[in-house]
Structures are given as C-alpha cells and as structure tokens.
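> A structural model of the following input is requested.
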Amino acid sequence: MSENRVIMDEAAIRRALTRIAHEILEKNKGIEGCMLVGIVSRGVHLAQRLAERLEDIEGVTVPWGELDVTPYRDDRESAEGTAAAGDQLKGLEVQGKKVILVDDVLFTGRTIRAAMDAIMDCGRPESIQLAVLADRGHRELPIRPDYVGKNVPTSREEEIEVLLQERDETDVVRLTQKRGN
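Numbers count the residues shown, from 1 in each chain. Down below sits the predicted model:
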C-alpha cells in the first residue's frame, strides 16, 4: 500500500455531507429542535457545511456552535476547570434540543465521550447524535455514530488525515502510515 492513499476527494466529501444532511432530516423528521456542535478543529468546519446544506434543503437556519473538548479529555493534560464548554457554545441552549455532534474522524471514542460530558455540563439535551466524516474503528468505548460519511477499516499503524479547504486549502481524506512506523 502507498504511504498516502486518497479515500475521499472533494466531490466525495461534498456528497457524503449532503447525504448526512438528508439522513439527519429523515431521522429527526425535519430540523426543528436540532442544533449542530462541531468539535474543534475540523469538526467545526464540517458542522458549518452541514448547517449550510440543511438550510439549503429546508430553508431554515440551523443553529450551530463549536466545542473544544480538551478540558474534558481523560487522556491528555488539560487546563483547570470545565466551565469553558458553556462559554464556547456562545449562547446556544442545549436544554431539550437534539444536539448533533460533528467530528472529522471517529477512532477510540474518547473525544466523543469528552464532548458528551461537555454538552451535559451545559444542560440536558433531548438527545445527542453523532455525525462523522470517517469512522476508522478501534473503539475503546461503546460509542457508535448515527451518521457516517465513510467507514474506513484501518490498522493501528495507519491514520486518517482530513484536510479541509477552510484550514488546509484543499478538501481530501487520506489514509496514511503513522509517523515513525
């Protein structure tokens, strides 16, 4: 296998996000009561793109925000306190809402667990759903996405690299060998 294999190009990413938007609408019988929360960093851009697609389809603005879960991680050094979650959501009310977390890659599930903790510190949503661009498996926690752009079985020696126009000036998802292997 090559060092860098493209598994989604710009068109595939666009199609996946459009399909996810339609699946969100179908599962929730519309968009009323829903909000998107993108996990920093690339999940934020994906949430914004999903919000735009949902608005194009439904003609309704979908509230969305961003969330940095670093203070909630159990496997990384973090800053003191966890009050940052409510501040980051910038006035978006999660109480009684259908919160759809958006991230680029789902791996062990630890980031999503941290995001759920952060959301719960902001209120009690009606539900929390998960949308990811790529699911690579290797879960350490019982977390399953509701919406998946692409399932990509990987080995532990591989990584999925997501590059987005907003940060990286290109849209591509690549399968790469871990550095140092």
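> which outside residues touch the longest helix seen in the chain?
With DSSP state H applied, the helix covering the greatest number of residues in the chain is identified as helix 10-28. When contacts are defined by C-beta atoms under 8 Å, 6 or more residues apart in numbering, helix 10-28 is touched by residues 8, 31, 34, 46, 49-50, 53-54, 57-58, 98, 100, 129, 131, 133, 146-150, 170-173. Using the backbone N, CA and C atoms, a C-beta is placed for each residue, glycine as well.
> Ok, stretch 145-152 next?
With C-beta under 8 Å, 6+ apart as the test, stretch 145-152 has contacts from 7-8, 12-13, 16-17, 19-20, 23-24, 27, 100, 106, 129-137, 160, 173, 175.
> residues contacting the closest residue to Ala21 other than its chain neighbours?
Nearest in space to Ala21, with sequence neighbours left out and distances taken as C-beta to C-beta, 6 or more residues apart in numbering, is Arg53 at 4.0 Å. Applying C-beta under 8 Å, 6+ apart, one finds that Arg53 lies in contact with Leu17, Thr18, Ala21.
> so where does Arg53 fall, helix or strand?
helix 42-58 (DSSP states H and E).
> Tell me the helices and strands packed up against the helix or strand following that helix.
Toward the C-terminal end, the helix or strand that comes next after helix 42-58 (DSSP H and E) is strand 64-67. Packing partners of strand 64-67 (3 or more C-beta pairs under 8 Å, 6 or more residues apart in numbering; DSSP states H and E): strand 34-39, helix 42-58, helix 84-88, helix 110-122.
> One more pass at 6 Å, please.
Here strand 64-67 is seen to pack against strand 34-39, helix 42-58 when contacts are counted using 3 or more C-beta pairs under 6 Å, 6 or more residues apart in numbering; DSSP states H and E.
> Describe which strands the shortest one pairs with in its sheet and in which direction.
By that I understand strand 34-39. If you go by DSSP bridges, strand 34-39 pairs up with strand 64-67 (parallel), strand 98-106 (parallel).
> Other residues contacting that strand?
When contacts are defined by C-beta atoms under 6 Å, 6 or more residues apart in numbering, strand 34-39 is touched by residues 28, 44, 47, 50-51, 63-67, 92, 97-103, 115.
> now those: which count as buried?
When burial is judged by neighbour count using 16 or more other C-beta atoms under 10 Å, the buried members of the contacts of strand 34-39 are 28, 44, 47, 50-51, 64-67, 92, 97-103, 115.
> quick revisit: in TSV: the strands paired with strand 34-39, plus distance to Leu164 and mean pLDDT.
Putting those into TSV (distance: least, C-beta to C-beta, whole Å; pLDDT from 0 to 100) gives the following:
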stretch	distance to Leu164	mean pLDDT
strand 64-67	14	94
strand 98-106	8	98
